[in-house]
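> Output the structure for:
(2 chains)
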Amino acid sequence: MDFLVQGFLRAIELLFAGDAETFSAISATLVVAAYSLAATLAMGLPLGFCLGYFEFRFKKQVRVVVDTALSLPTVFIGLVVYAFFTNRGPLGEWGLLFTLPGIAVGLTILALPIVVALSATAVESMDRLLRVALISLGANRRQVFLSTLWEARLSILAAALTAFGRVMTEVGIAMMVGGNIKWQTRTITTAIALETNKGEFAMGIALGLVLLLIAFTVNVSVSTLRKRY
Amino acid sequence: MGVPLYSIRDLVHVYRGQPVLRFDRIEIPTGSIVGVIGPNGSGKSTFLKLAGFVEKPTAGEIVYNGRPAAPFAPEVRHKVSLMPQEPFLMKRTVLNNVAYGLKIRKDLDRLETRIQTALSWVGLDAKEFVKRPSYALSGGEAQRVALAARLILKPEVLLLDEPTASIDALSAQLIKDAALKARSEWGTTLIIASHDWQWLYGVCDRVVHLVRGRLMGTGRENIIFGPWEPGANGLWGKVLSDGQRILVQKPPEVLSAAVIDHAAIVPAERPLPKANNHVSLTGLITRLALEKASGDIIGSVLVANLPFTATLTESEVHEHGLYPGRRVHLLYDITSVRWF
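Residues are numbered from 1 along each chain as shown, chains lettered A, B, ... in the order given. Now for the predicted structure:
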């Protein structure tokens, strides 16, 4: 157990001393999380709204595809994204392999089904009378969309939070697409995996603590928002 | 006569493959009060949703103010407002619910005063209610807030779907008063679906009766649903819970609905002598209502568990003492029965 205690104490030291390598991984993680969440919410919320709100042919089948995508293995996503972004791949000329935006693309593919499925469920579970009420009060289509999302805000917030958690803790895509390049594409999770393999528990624990701290902060913020609205 | 506010032609609405509404033609003049009555599932709410431009009919045309209109059309979006049977309020404060329609119109002039006025119309004190979240309202209060959210918009047409069902008597009266005030102050056309036919006959310029999605005249028709059983002398019948028998000629189908016009029913204080083709039923007068448009007295008579409607004259009521609580005998001619 001593090595764990030692690792923990060293982790605190690294964090408070502002260790550059540690903070480089934290920064890379926050950047890819921000990119991928922004893209996921921008695409996922309208898609989820449409899937939950409208009745259309093959809706059930689309729903099955989205639900299946919820359990896509991250290494498979990493493999596909790698294949597209590699020099020989169809999008090789974009130069996204081993870059933070490249990782963000993979993470967006991972998180998109989560936001689509959960926001569709949130919209579906809204009272059907909401639409009647909004149209009766003079809302146009855009206002119906925005007001419905606002009414489902707590469930949608939960969807975003789930996606955030998935993105922050992902390791397979970050490793395969990012390449775990020190100072460049090394994220918290890939750094933890690497340092643990090297027997360097201190940095791994330090980064693990940061992950926990971020998760705690986000959850407290969301909880406060829920109480407020 | 000017252009009617609504002109509805060849309207058909289908829900999950089943036709739920079928109108040949109906016109509603500007500023009128139209009542819609009918049993549950007769299509009242569907009609109000279509006339409120919340849903689009499967076929047919709804012409509003001389122009065909559809949901979200600019010529109706800010003019027609429907209040559904269940008062849906958004997860916001009363203030934000009432102000919603004005905010999306970006019409924020004197917002606070207008909210206070709208709430006062439905008997709610703005100071007490504006900051209250919607989940903290009683059923009657929620219904009144929902109406205030529509009244603040001063709509040209206000459609009310069972506005007084399942709420307390005070809230019901306040809602009725507020709706009529909108009509008298702004000339708002009111279309009201309700089981409270006594109120509808009292305030409406016209009452329409919906049965199985079709218009059935004035609402004073007596509709008796099958199944019918064959009986003696080639007549068919339906036995009521107290053993009385409604007799009719052979129906087109066992489940057809028989329609006996109110004018074909003759009330009497004493049992009526049997006559050819005439059937006598005995029931209890439960309600009398004065029809605003015609001045007729509409009597509701409960025969076993079946409500009948008969039109009475003032002299009949007085001479025979036909008041609620009295037993009365009703005579109808079998040949006057129509089928639906």
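
> Could you list the buried residues of the longest helix seen in chain A?
Using DSSP state H to assign secondary structure, the helix with the most residues in chain A is helix A:20-53. Neighbour counts over helix A:20-53 (16 or more other CB atoms under 10 Å in any protein chain shown) mark A:22, A:24-26, A:28-29, A:31-33, A:35-37, A:39-41, A:44-45, A:47-52 as buried. (Glycine included, C-beta is placed from N, CA and C.)

> Which SSE is immediately downstream of that helix?
In the C-terminal direction, the helix or strand that comes right after helix A:20-53 (DSSP states H and E) is helix A:59-69.

> List the buried residues in that next one.
By neighbour count with 16+ other CB under 10 Å, helix A:59-69 contains the buried residues A:62-63, A:66, A:69.

> Out of those, the closest to chain B would be?
Chain B lies nearest to A:R63 out of these, by CB to the nearest CB, at 19.2 Å.

> Report pLDDT for residue 175.
Answering for chain A, as no chain was given. At A:M175, the pLDDT value in this model is 94.

> um, chain B though
Here the pLDDT value assigned to B:I175 is 92.

> For B:V34, list the residues it contacts.
Contacts were defined as CB atoms under 8 Å, 6 or more residues apart in numbering or on different chains; by that measure B:V34 touches B:28, B:189-192, B:204-208.

> for A:W94, same thing?
Contacts were defined as CB under 8 Å, 6+ apart; by that measure A:W94 touches A:F85.

> Could you do the one 5 residues further on as well?
Shown in contact with A:T99 (CB under 8 Å, 6+ apart): A:178, A:184-185.

> Ok, A:A158 next?
Shown in contact with A:A158 (CB under 8 Å, 6+ apart): A:118, A:122, A:222.

> Could you rerun that using 10 Å?
For A:A158, the contacting residues are A:118-119, A:122, A:152, A:222, A:226, taking CB atoms under 10 Å, 6 or more residues apart in numbering or on different chains as the criterion.

> so where's the chain shaky on pLDDT?
By default, I'm working from chain A. Along chain A, segments meeting pLDDT under 70 span A:1, A:228-229.

> switch to chain B, that's the one I care about
Using pLDDT under 70, chain B drops low at B:1-2, B:218-219, B:272-275.

> Spell out which parts of chain A neighbour chain B.
Counting by CB under 10 Å from any CB of the partner chain, the residues of chain A lying close to chain B are A:127-144, A:146-148, A:150-154, A:229.

> Just the buried ones among the residues you listed, please.
When the residues of chain A next to chain B are checked for burial by 16+ other CB under 10 Å, the buried set is A:130-139, A:143-144, A:147-148, A:151-152.

> Go through these and flag which are in helices.
Residues of these located in helices (DSSP H): A:130-136, A:143-144, A:147-148, A:151.

> Now for the residue of the stretch 151-300 of chain B found nearest chain A, how many residues are close by?
For the stretch 151-300 of chain B, the nearest residue to chain A under the criterion CB to the nearest CB is B:L153, separated by 6.7 Å. Other residues lying near B:L153 total 23 when counted by other CB atoms under 10 Å in any protein chain shown.

> quick one: contacts for it?
For B:L153, the contacting residues are A:136-138, B:78-81, B:98, B:100-102, B:105, B:107, B:114, B:118, by CB under 10 Å, 6+ apart.

> Let me know the closest of these to B:D161.
Checking the contacts of B:L153 against B:D161 with CB to CB, the nearest one is A:S136 at 10.3 Å.

> Where does the closest residue to the closest one other than its chain neighbours sit: helix, strand or coil?
Counting by CB to CB, 6 or more residues apart in numbering or on different chains, A:S136 lies nearest to B:L82, which is 4.3 Å off, once chain neighbours are set aside. Put simply, B:L82 is strand when judged by DSSP: H, G, I helix; E, B strand; the rest coil.

> For A:L51, see how far away the residue nearest to the spatial centre of chain A is.
When chain A is reduced to its mean C-alpha position, the nearest residue by CA atoms, centre = their mean turns out to be A:V167, at 3.1 Å. Applying CB to CB, to the nearest Å, one obtains 21 Å for the distance of A:V167 from A:L51.

> same thing with B:K181?
If you measure B:K181 against A:L51 using CB to CB, the figure is 44 Å.

> List the residues that contact residue 27.
All of this refers to chain A. When contacts are taken as CB under 10 Å, 6+ apart, A:S27 is in contact with A:100, A:183, A:186-188.

> I was after chain B.
If you count contacts by CB under 10 Å, 6+ apart, B:E27 has them with B:1, B:3-9, B:63.

> ranges for the helices of the stretch 1-150 of chain B?
Remark: helices of the stretch 1-150 of chain B, listed N- to C-terminal, are B:44-51, B:74-77, B:94-104, B:111-121, B:126-129, B:139-151; assignment by DSSP state H, counting those that start in this stretch.

> Just tell me which of the ones you listed ends up closest to chain A.
Of the helices of the stretch 1-150 of chain B, nearest to chain A by CB to the nearest CB is helix B:94-104, at 4.0 Å.

> so that closest one versus helix B:111-121, what angle?
Helix B:94-104 and helix B:111-121 are oriented at 120 degrees to each other (axes from the mean of the first three to the mean of the last three CA atoms, to 10 degrees).

> If you count contacts, what does helix B:94-104 end up packed against?
helix A:129-136, helix A:141-151, helix B:111-121, helix B:126-129, helix B:139-151 (3 or more CB pairs under 10 Å, 6 or more residues apart in numbering or on different chains; DSSP states H and E).

> The same query, at a cut-off of 7 Å, please.
Under the contact definition 3 or more CB pairs under 7 Å, 6 or more residues apart in numbering or on different chains; DSSP states H and E, helix B:94-104 sits against helix B:111-121, helix B:139-151.

> Hey, what's the angle from the first one to helix B:139-151? Just curious.
Right, helix B:111-121. Using the same axes, to 10 degrees, helix B:111-121 lies at 130 degrees relative to helix B:139-151.

> can you list contacts of helix B:111-121?
Around helix B:111-121, the neighbours that count as contacts under CB atoms under 7 Å, 6 or more residues apart in numbering or on different chains are B:95, B:98-99, B:102, B:126, B:129-130, B:148, B:151-152, B:178, B:181.
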